[in-house]
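A.B. asks: quick one, what's the 3D model for this:
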Amino acid sequence: MSQLQRSPEPGIWFMFDQTKRIAIIRHVEIKGRRLLRSVTWAPDPDDRQLIGYFPEDAMHLAVECTWSEPPLEMRRDEARDSYAARDDALGRARARPRQIRAPSKPTLLTISGSAMAILLAPKDTIDLIVTAAVLGTRRDDDADHTRQLVQRADQIGQQLWEANYASASYARGMEMPAPAYSWEPVFDLIWQASTDQPDYSLTPQQTLQVERCRLFLSENSREHPDWDNSAAWLFLEQLGSAVESRMRGWPTGPGEDPGVLEFRGLSNALPRWTRSSGFPQLTSPTTKEQAA
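C.D. replies: Purely as a prediction, here's the structure:
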């Protein structure tokens with residue numbers, strides 16, 4: 001179980017697994033905004049790995065994301081094993097079967113003689129959607145709520161990915177199991193350098209990107225007969241309602257489909273978002289002018 005201990009030096013906290021130090025969380029200031037930065041622990045600062053940046057008032061979220069970060073899993077295992085048994089533990093870890101990895105690029109599935117095509121969502125797209133949901137429902141005054149939310153992130157992402165793969169399997173007529181999903185927070189959403197936000201929330205441009213991914217995932221998951229009223233369908237519908245509430249007052253215009261209105265600037269977002277893409281198309285002067 002993780003423990004958080006304040007350092008004698010102001011603005012620094014150490015995370016422990018029982019008695020073993022595993023991470024450091026400290027206050028930093030970037031572009032005039034105070035944030036929490038989390039890194040893995042190592043005696044040599046050069047060996048420490050960045051986990052991410054968090055809002056100054058989101059310590060619960062920082063702790064839960066740090067605790068669930070993949071690099072810490074090995075450190076937690078080591079903390080629970082004695083030095084005498086460590087070699088044996090590492091040997092067992094190497095013997096574990098490797099998980100199926102998602103395709104590095106979106107995969108297009110087509111059916112001969114049919115115009116129907118199903119796209120598989122990259123893991124980063126799922127991470128973006130789940131991160132937005134976690135941030136939208138977090139409560140810094142309730143540690144249990146935040147912990148449960150982070151723990152459910154894996155389950156939500158798995159349900160979304162399985163629905164997408166089930167649709168692809170149904171369209172192609174062959175079983176395609178979804179990869180095992182483990183949530184990795186999108187820190188581009190958690191860390192915001194701008195200081196013009198009245199409180200911590202996604203910017204309108206980031207919300208447009210989330211909405212484009214939500215629409216893409218819904219469109220490419222609906223071919224399976226069990227899609228309607230599934231957990232994934234319900235989650236995406238609720239996320240859509242949250243987006244509408246967040247973007248209330250944002251200008252709309254004709255969409256890609258005739259007769260359909262959409263949020264202005266939505267077409268600039270990527271349907272299959274990846275971390276390497278970032279948000280450059282949403283920070284251009286053109287996109288900002290569209291909102292004017």
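A.B. asks: for the lengthiest helix in the chain, which helices and strands make contact with it?
C.D. replies: Assignment by DSSP state H gives helix 143-172 as the longest helix of the chain. If you count contacts as 3 or more CB pairs under 8 Å, 6 or more residues apart in numbering; DSSP states H and E, helix 143-172 packs onto helix 59-68, strand 108-110, strand 117-119, helix 123-137, helix 231-246. Placement of C-beta: from N, CA and C, glycine included.
A.B. asks: where among these is average confidence lowest?
C.D. replies: The weakest mean pLDDT among the helices and strands packed on helix 143-172 belongs to strand 108-110, with a mean of 39.
A.B. asks: can you pull out the strands in the stretch 151-292 of the chain?
C.D. replies: Taking DSSP state E, counting those that start in this stretch as the criterion, the stretch 151-292 of the chain carries its strands at 252-254, 261-263.
A.B. asks: most tightly packed of the ones you listed?
C.D. replies: strand 261-263 (a mean of 17; mean count of other CB atoms under 10 Å).
A.B. asks: and the chain, what are its domains?
C.D. replies: Domain assignment of the chain by automatic domain parsing yields the ranges 2-95, 108-290.
A.B. asks: what's the most buried one of those?
C.D. replies: Most buried among these, counting by mean count of other CB under 10 Å: domain 108-290, with a mean of 17.
A.B. asks: pipe the helices and strands packed on helix 143-172 into CSV and attach distance to F16 per row.
C.D. replies: Formatted as CSV, these follow (distance: least, CB to CB, whole Å):
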stretch, distance to F16
helix 59-68, 11
strand 108-110, 47
strand 117-119, 44
helix 123-137, 24
helix 231-246, 34
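A.B. asks: closest to A171 out of those?
C.D. replies: Within the helices and strands packed on helix 143-172, the stretch nearest A171 is strand 117-119; the backing value is 4.6 Å (CB to CB).
A.B. asks: coming back round to it: looking at the domains of the chain, which has the lowest confidence?
C.D. replies: domain 2-95 has the lowest average pLDDT among those, namely a mean of 71.
A.B. asks: contacts only, for H224.
C.D. replies: Neighbouring residues of H224 by CB atoms under 8 Å, 6 or more residues apart in numbering: 163, 166-167, 169-170.
A.B. asks: rerun that using 6 Å as the cut-off
C.D. replies: 166-167, 170 (CB atoms under 6 Å, 6 or more residues apart in numbering).
A.B. asks: how close does it get to Q238?
C.D. replies: For H224, the distance to Q238 (CB to CB, to the nearest Å) stands at 20 Å.
A.B. asks: again, but for E244
C.D. replies: The gap separating E244 from Q238 is 11 Å, by CB to CB.
A.B. asks: mind putting the strands of the stretch 151-292 of the chain into JSON lines with distance to P55?
C.D. replies: Listed next are those as JSON lines, based on distance: least, CB to CB, whole Å:
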{"stretch": "strand 252-254", "distance to P55": "30"}
{"stretch": "strand 261-263", "distance to P55": "25"}
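A.B. asks: and G136, which of these is closest to it?
C.D. replies: That would be strand 261-263 among the strands of the stretch 151-292 of the chain, by CB to CB, at 16.8 Å.
A.B. asks: partner strands of that closest one, parallel or antiparallel?
C.D. replies: Strand 261-263 has the following strand partners under DSSP bridges: strand 252-254 (antiparallel).
A.B. asks: can you name the residues in contact with the strand it pairs with?
C.D. replies: In contact with strand 252-254 (CB under 6 Å, 6+ apart) are residues 261, 263-264.
A.B. asks: so how far is L236 from E162?
C.D. replies: On the measure of CB to CB, E162 and L236 end up 13 Å apart.
A.B. asks: any idea which of the contacts of strand 252-254 is closest to G278?
C.D. replies: Nearest member of the contacts of strand 252-254 to G278, counting by CB to CB, is F263, at 19.9 Å.
A.B. asks: hmm, that closest one is touching G249, no?
C.D. replies: No - if you go by CB atoms under 6 Å, F263 and G249 don't touch, sitting 10.6 Å apart.
A.B. asks: right, I'll leave it there.
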